[in-house]
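> I would like to see how this sequence folds:
(one chain, ligands or ions: 4)
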Amino acid sequence: MKRIIKNGIIVTAADTYKADILVENEKIVLIGQDLSDPTAEVIDAEGNYVFPGGIDPHTHLEMPFGGTVSKDDFDTGTIAAAHGGTTTVIDFCLTKQGEPLQNSIDQWHAKSRDKSVIDYSFHLMISEMNDSVLEQLPTVIEDEGITSFKVFMAYKNVFQADDETLFRTLEEAKRLGVLVMVHAENGDVIDHLVKKALKAGNTDPIYHALTRPPEAEGEATGRAAQLTGLADSQLYVVHVSCEEAVTKISEARSKGYQVMGETCPQYLVLDQSYLEKPNFEGAKYVWSPPLREKENQEVLWNALKNGQLQTLGSDQCSFDFNGQKDLGKGDFTKIPNGGPIIEDRISILFSEGVKKGRLTLNQFVDITSTRVAKTFGLFPQKGTISVGADADLVIFDPNIERTISVETSHMAADYNPFEGMKVTGQPVSVLSRGEFVIRDKEFVGNQGSGKYLKRARFGELKQSSQEELYLK
Ligand code: URP
Ligand code: ZN
Ligand code: ZN
Ligand code: ZN
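Numbers count the residues shown, from 1 in each chain. Ligands and ions are numbered 1, 2, ... in the order given. Here you go, the predicted model:
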């Protein structure tokens, strides 16, 4: 079906201009003034922005964690993502030591294939590096198109890998042309601080934050960055929460190391005091790394503005307050870590970033879409509005005012951490490869219509049907 999106203001990471977009066979085929085609459906975007679909580089949908499973799956999670203007998610595929990587990947395909309403891809967790894993990597990269590997430096005795594993992963990533991602917190130090807190009878949610100090994040970030320099490799630090980590990333970048960083909406607008809410409500705000002292927020905003951090992930990993978060009553270490964020990622960055003058419109598009596509081997098929790109488009009304609430949220969890927060700007319609997923704020998509995306290697273009356009 052909469609023309008329009269909108197109915003890319580079440009802002008024033009019409002709969409056909899933792609953008023409951008110009006063386009007309009698066979095309016309969608009027007057007064609205048209953004490239958001790309969320960091989700955990239906993920087993902390003795339970995250509440939003590829069904509710991707519907909520689409409502929020996200048209692609990259989810973390967990692996187990000694088990074939393909088993884990197959499990992740099984839970996403018939559910996802938008396109999706996977990162792969690396928990050990040995001859058997090395043998499997070419298949993972070439057949599955998985070109980013995640190493956890925290969650001792659960996910945590040692420095040898991290360093070898960096070396192999350099050789194979893929990106290493790290959860950067010093898991050994945290484990010690946690044991001390429990021994002293400190079991409330606030001790989750107090036993994971910002120095533990700064130290691990600096260590991972140094090892990246030593291996001459490439690194992406997920969910950066504090000044200590930003400083280490900036230092590494100024030395020319290829070190990148992501932050998340929760670290930009919430702070550590939320963990002290009475009646165990602090558990709703338990993330790792934890929410930090408020001063860190401006550091993170500035880092996004000046390019020391490049992307915004949701770290979507939702749990009900009743029945999941409350597993940690009387012992903060049993509170499942994470929250429902996927739907509000873009709204919050637009409202708090663009509307408050912290970011330009083009920076906003770069951070929520374009830079993510470039970093993870999806550009230019995804992440921009250009001829030949997938028609993943967000028609965004910059003036709608709304109050975030669990009542109007499409995520499955029984609370919203941003409850009561007023934001300006909302996606009104969202297209995924030329088909409406959200139309006039209502979900009109189809379960299972999302496609699995194989990604290009780090630094390479994801070639689409326009591949002849790119000179080798
Ligand atoms: O608290 C968090 N971040 N939960 C999700 C798992 C992770 O570490 O990203
Ligand atoms: Zn993490
Ligand atoms: Zn995460
Ligand atoms: Zn709805």
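> Get me the contact residues on the stretch 51-200 of the chain for ligand 1.
With Cβ under 6 Å from any ligand atom as the criterion, the stretch 51-200 of the chain comes near ligand 1 at residues 60, 183. The way it works is simple: take the backbone N, C-alpha and C, and place the C-beta from them, glycine included.
> Buried residues in stretch 385-405, which are they?
The neighbour-count check on stretch 385-405 (16 or more other Cβ atoms under 10 Å) flags 385-386, 388-398, 404 as buried.
> and which of those is nearest ligand 1?
residue 404 (19.6 Å; Cβ to the nearest ligand atom).
> What pLDDT is listed against the closest one?
Per-residue pLDDT puts residue 404 at 98.
> you'd agree it is up against residue 423?
Yes: assessed by Cβ atoms under 8 Å, residue 404 is found in contact with residue 423 at 6.2 Å.
> Which neighbours do these two have in common?
Common neighbours of residue 404 and residue 423 (criterion: Cβ atoms under 8 Å, 6 or more residues apart in numbering): 344, 347.
> one step back: among the buried residues of stretch 385-405, which ones are in strands?
Among the buried residues of stretch 385-405, the members falling in strands (DSSP state E) are 393-398.
> Near ligand 1, which residues of the stretch 301-450 of the chain? Just list them.
315, 317, 337-338.
> out of those residues, what pair is the most spread apart?
Farthest apart among these by Cβ to Cβ are 315 and 337. That separation is 9.4 Å.
> Okay, buried residues for the helix ranked longest in the chain please.
If you go by DSSP state H, the chain has its longest helix at helix 214-231. Residues 214, 216-229, 231 are the ones in helix 214-231 that count as buried (16+ other Cβ under 10 Å).
> if we can go back for a sec, by neighbour count, which of the residues of the stretch 301-450 of the chain next to ligand 1 wins?
Ranked by the number of neighbours (other Cβ atoms under 10 Å), these place residue 315 first, at 29 neighbours.
> from the buried residues of helix 214-231, which are also near ligand 1?
Answer for those near ligand 1: none qualify (Cβ under 6 Å from any ligand atom).
> And those residues, which is closest to residue 27?
residue 228 (36.2 Å).
> What distance do you get for that closest one to ligand 1?
From residue 228 across to ligand 1, the span is 20 Å (Cβ to the nearest ligand atom, to the nearest Å).
> surely that residue meets residue 260?
No: between residue 228 and residue 260 there is no contact under Cβ under 8 Å: 10.1 Å.
> Give me the common contacts of those two.
234-235.
> which residues touch residue 183?
Contacts of residue 183 (Cβ under 8 Å, 6+ apart): 150-155, 159, 238-239, 288.
> how about the nearest residue to residue 82, chain neighbours excluded?
Nearest non-adjacent residue to residue 82, counting by Cβ to Cβ, 6 or more residues apart in numbering: residue 437, 4.4 Å away.
> Confirm that the one you found sits in a strand.
Yes: under DSSP: H, G, I helix; E, B strand; the rest coil, residue 437 falls within a strand.
> For residue 313, see how far away it is.
Separation of residue 437 from residue 313 (Cβ to Cβ, to the nearest Å) stands at 20 Å.
> Nothing else from me, thank you.
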